[in-house]
Structures are given as C-alpha cells and as structure tokens.
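Novice: here's a sequence, model it:
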Amino acid sequence: MTEADATRVDMHVKTLDEHVVRRAKARGLDVLVYAPHFVRLPDIRATAARYSDDELLVVPAREVFTGSWRDRRHLLAIGLTDPVPDFITLDGALREFDRQDAAVVVPHPELMNVSMRHEDVAMNRDAIDAVEIYNAKCQPYQNRRGQRIANTLDMPCFGSSYAHLRGTVGEAWTQFDTAVDDESDLVDALQANVSRRVLHRPGLSHRLRSLVEFSHLGFENSWGKFDRLLLSGMEPTHPMQVAYDGRFDDVSVY
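Specialist: Numbers count the residues shown, from 1 in each chain. Modelled structure (predicted):
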C-alpha cells in the first residue's frame, strides 16, 4: 500500500467542533476518534455523526474509567453498541467490551494514578488490542513507559494527540496501512493488528504544544475534578444512573 492509500487516524481526542474539524483536515488527518470524558455513548455518537463528512470520519468511542477516583485504570473502547458506565471494575468493563466485540486499547499507560500499569496489561493482554506508545499530552519519559510495555509484551501499538485543547489535534497520529471508511473498519484494523506506524509532528512547536497540553492536566485533576464531584452532582456515566437500568450494579465500585 502506498503512502497515499494509508489512513491517518488521531486515535483519541476529547474536543470536537468546527475549529477541530478544520484543523484535522489541514493536518491531513482522515479519522478522529472522539471520546470525551463523562459523556454517554448516544450523545457521543450524535456529535460524531454531526461532524463527520466525506473528508473526515469521526468515530465515537468511550474512555471508560474503571475503578475508583483514587485508583483508576482507563480503557478506550471503540465499536461499542451499548453504553458502558465509568467507575466499574476492570474485569467488569473487559467482560462488557468482549460481549460487544469492541476494540480495546490502553491509553497513556502508567500515567500517574489514572492508567493501566505494566502488570495490568500483562494480565489482560488477550483482551487488549493495542497499547499507546506516543501521546502528545505526555512527556517523553512517560511515553517511554508505554513503549517499554508494548515492546516487552510484544503488543500492537497506537499513538494519539489526546487533545483536550483544539490546538493539539493532529500533533500525533497512527497511520494504518489499510482503508478506514467507517467505524467497523477501524475496529477490524485494531483487532486484526493491521500494519501501522505511530507518527507525530516534529520540532520545537510540537514540544511546546505538548507542554501546553500537559499543563492542562493540572486543571483536570484539581478544580475540574472538584467541580465535577461536588458541584455538578452524579456524573451522567455513573453506573447508578437510571439510564443503565441497574445492569452494572454488581460491578460498580461506588
């Protein structure tokens, strides 16, 4: 397959609007995987469909927070047919992803207390389709942890901008050696371990943009979390929400 035939996918973004779409197209992306925090799957799907067109495919996904606030293990699921809440056990999430035949990838491994650790990936490697080895929000030493996990366990890899800010979209991407025309194509590419390369923009501007994104992490884990927990009430993706009809009561951690 030639370079022109490959598909450039930013595998994980948190923000989506007209500005994001224009930036993604300007940077030569073909696909965005859109997985905002604490938004239910039907709403993510509706937003993804609204911003998809013939030039750019937006694939809906869920970054599920397994475990409690103090000890979270994030998993990114692509190809879900039914909503899955946050704050359920890791085993419970993996069983549900398997039931739905979703592709499951590990974002930002070993990032503080919000990520899968080496031993988590090793214990569940048969249920995981790829490990992130480059995340534009992470610092180099943090990305090296993901690279070591993927190399040690001989796992497929991916990369993303993990953009929470518009300007970071397209700073890193995964180039698949196959056509990705819809959501199922991306699920198939991940589950079949299609050949790919993880790439990012070069130079000082990329490093500065990564630092800006990383600095935003402080807000996310301080006032942002306080606001969500104490001022906003129960999250829409809390397993006790009525929308989940009690299906996850047995694996809820709260």
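
Novice: now do the helices in the chain.
Specialist: Under the criterion DSSP state H, the chain contains helices at 18-26, 41-51, 90-99, 118-123, 140-153, 183-191, 203-220, 223-226.

Novice: pick the most deeply packed of the ones you listed.
Specialist: helix 183-191 (a mean of 20; mean count of other Cβ atoms under 10 Å). Bear in mind the C-beta positions are built from the backbone N, C-alpha and C, glycine included.

Novice: grab the nearest non-local neighbour of Val180.
Specialist: In this structure, Val180 finds its nearest non-sequential neighbour in Thr7, 4.2 Å apart by Cβ to Cβ, 6 or more residues apart in numbering.

Novice: where does the chain dip in pLDDT?
Specialist: Within the chain, the ranges that satisfy pLDDT under 70 run 1-4, 218-233.

Novice: how about a cut-off of 50?
Specialist: Along the chain, segments meeting pLDDT under 50 span 223, 226, 230-231.

Novice: longest strand in it, please.
Specialist: Ranked by residue count and defined by DSSP state E, the top strand of the chain is strand 57-68.

Novice: for the residue nearest to Ser210 when sequence neighbours are not counted, give me its contacts.
Specialist: Excluding the flanking residues, the one nearest Ser210 by Cβ to Cβ, 6+ apart is Ala136, at 5.3 Å. Ala136 is in contact with 160-163, 168, 171-172, 200, 206, 209-210, 213, counting by Cβ atoms under 8 Å, 6 or more residues apart in numbering.

Novice: please redo it, this time with the cut-off set to 10 Å
Specialist: Residues in contact with Ala136, defined by Cβ atoms under 10 Å, 6 or more residues apart in numbering, are 10, 12, 143, 159-163, 168-173, 200-201, 206-207, 209-210, 213-214.

Novice: that one and Gly79: what is the separation?
Specialist: 24 Å (Cβ to Cβ, to the nearest Å).

Novice: so what pairs up with the residue nearest to Val180 in the strands?
Specialist: As for beta bridges, Thr7 partners with Phe176 under DSSP bridges.
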